[in-house]
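Novice: With the sequence up front, the predicted model follows.
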Amino acid sequence: MDDDRRRVPRTDAVLADPVLAAACERLGRPLVKEAVTAALGLVRDGRLDVELAVQAALSALPPTAARLLPVINATGVVVHTNLGRAPLSAAAREALAAAAGCTDVEFDLATGRRGPRGGGALAALADAVPDAEAVHLTNNNAAALTLAATALARDREIVVSRGELVEIGDGFRIPELLECTGARLREVGTTNRTHLADYADAIGAATAFVLKVHPSNFSTTGFVSSVDVAQLATLGVPVVHDIGSGLLKPHPVLPDEPDAASALRAGADLVTASADKLLGGPQAGIVLGSEALVSRLRRHPLARALRVDKLALAALEATLRGPAPPVERALTADPARLRARAESVAGVLRDKGVDAAATACEARVGGGGAPAAVLPSVAVSLAPGLAAPLRTGRPAVVGRRHGRRLLLDLRTVQPEDDDALAAAVLAARPGSR
């Protein structure tokens, strides 16, 4: 090894290797050079044979020029915020790739003139929720609510229940979000109980709208009460309902989760929601409601700053028009089929000497949706020591600890990924790397 260290090649010489030169064409020279420098450092330290430097550099390269890495979500959390929320369907990914180049996002190919932006996605959304007179899109649900407050309630009051002034992810709070728009909050009721009379007493000349927020990341039980949209619609002022988790219509697996169609039928004037949660699409904020109010939001100067890009427009339209996305497939997965898949994967692993078994477990919706819902599931149970090597493998696999075992919950693993999951476990065994 001392001789190897003395004859460590120059970085440029290693980069000239045909395989690494091809990687430079695909990923860019800086990323490849960084990997080569690290590999040669290992050679100098005596931890790597010089003949293995090229292979070590190749192994360290990311699959794309971006730092984001693909992950198999085996946590049992269907919409996992830290793993990017909803995984896109194959149709949405194809549409996204097609839109990545030049596209007719604001161009009418028939006339050769400028056309309306995102007409296909907006039409698909309107078709999906026919109860909405008009639709609009922003870059996320917080943006949709911000736009509504800015366009409708600046220097005016928003009446909202104290029990619905929620904190969302990463410490962001609905009250602070609304107040930064210049609106004033008029809080009514108590933490656990709010009545229609509380809203009625608070409404006055300064009221812009009544806001109902779905507390989608927690649930309350016991001595509690709230006012539904149908009752709020009798108060004579606009009602804005932030349903958050993005169901467009009632779902048989989640009967207690609010949906856009039902809210509009009950009398909501505006409904806001996320597209990348239970809808299963890309990050976007959905606005549905009356033509008069949606038009005010669409024409507000802030709408330009909050608009979605061409990639999200393409992916959203394909999600709405195409086959069921992965989130929907996970929600409706048959437990018996999950059991058969888990037995099959565990059997493959046992045949290779891995301590693996199929075990019943419970999955969750996640993503700030249906916090009380429990989804019966089946997981592949493994030794907990595999957790770290699985997370750092290619592809990365993230499961969850339960007792003294690591569970890979198959409700959140797409069936077509079962073989990749088994291969990842085999590669994560001690001595496999």
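Specialist: Noted; the coordinates are in hand.
Novice: CA only for contacts and neighbour counts going forward, please
Specialist: Will do.
Novice: Spell out the secondary structure type for residue 240.
Specialist: Following DSSP: H, G, I helix; E, B strand; the rest coil, the label given to residue 240 is strand.
Novice: tell me the contacts of it?
Specialist: With contacts defined as Cα atoms under 8 Å, 6 or more residues apart in numbering, the neighbours of residue 240 are 209-212, 268-272.
Novice: In CSV, list those along with secondary structure and distance to residue 282.
Specialist: Converted to CSV, those look like this (DSSP: H, G, I helix; E, B strand; the rest coil; distance: Cα to Cα, whole Å):
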residue, secondary structure, distance to residue 282
209, strand, 29
210, strand, 29
211, strand, 25
212, strand, 24
268, coil, 25
269, coil, 25
270, strand, 21
271, strand, 18
272, strand, 15
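Novice: Going through those residues, which ones are buried?
Specialist: Using 16 or more other Cα atoms under 10 Å as the burial test, those include 209-212, 268-272 as buried.
Novice: Closest to residue 242 out of those?
Specialist: In terms of Cα to Cα, no member of these lies closer to residue 242 than residue 272, at 4.8 Å.
Novice: hang on, isn't that closest one packed against residue 287?
Specialist: Yes. Because the distance of 4.7 Å satisfies Cα atoms under 8 Å, residue 272 is recorded as touching residue 287.
Novice: any common contacting residues for the two?
Specialist: Listed as contacting both residue 272 and residue 287 by Cα under 8 Å, 6+ apart are residue 144.
Novice: Give me the phi and psi for the residue most central in space within the chain.
Specialist: Per Cα atoms, centre = their mean, the C-alpha nearest to the average position across the chain is that of residue 85, at 1.9 Å. Main-chain dihedrals, residue 85, degrees, to the nearest 10: phi 60, psi -130.
Novice: For it, list each beta-bridge partner.
Specialist: The bridge-partner assignment for residue 85, based on DSSP bridges, gives residue 80.
Novice: ranges for the helices of the stretch 101-250 of the chain?
Specialist: Taking DSSP state H, counting those that start in this stretch to define them, one finds helices in the stretch 101-250 of the chain at 119-128, 141-153, 174-179, 196-202, 229-232.
Novice: Flag the helix or strand of this protein with the lowest per-element mean pLDDT.
Specialist: In the chain, the helix or strand scored least confidently by mean pLDDT, DSSP states H and E is helix 2-6, which has a mean of 53.
Novice: and whichever helix or strand comes after it, average pLDDT?
Specialist: Elements were assigned by DSSP states H and E; along the chain past helix 2-6, the next helix or strand is helix 11-15. Confidence for helix 11-15, expressed as mean pLDDT, is 92.
Novice: Could I get the buried residue list for helix 11-15?
Specialist: Along helix 11-15, these residues count as buried under the neighbour rule (16+ other Cα under 10 Å): 14-15.
Novice: residue ranges of the strands in the stretch 301-433 of the chain, please?
Specialist: Here the stretch 301-433 of the chain has its strands, by DSSP state E, counting those that start in this stretch, at 357-366, 375-382, 396-398, 400-402, 405-409.
Novice: average model confidence for the first one?
Specialist: For strand 357-366, mean pLDDT rounds to 96.
Novice: now that strand and strand 375-382, what's the angle there?
Specialist: For the pair strand 357-366 and strand 375-382, the angle between their directions (axes from the mean of the first three to the mean of the last three Cα atoms, to 10 degrees) equals 130 degrees.
Novice: just to revisit the earlier point, closest one to residue 249 among the helices of the stretch 101-250 of the chain?
Specialist: Distances from residue 249 to each of those were compared using Cα to Cα; the minimum, 8.6 Å, belongs to helix 119-128.
Novice: Show me what the closest one is packed against.
Specialist: strand 134-138, helix 310-321 (3 or more Cα pairs under 8 Å, 6 or more residues apart in numbering; DSSP states H and E).
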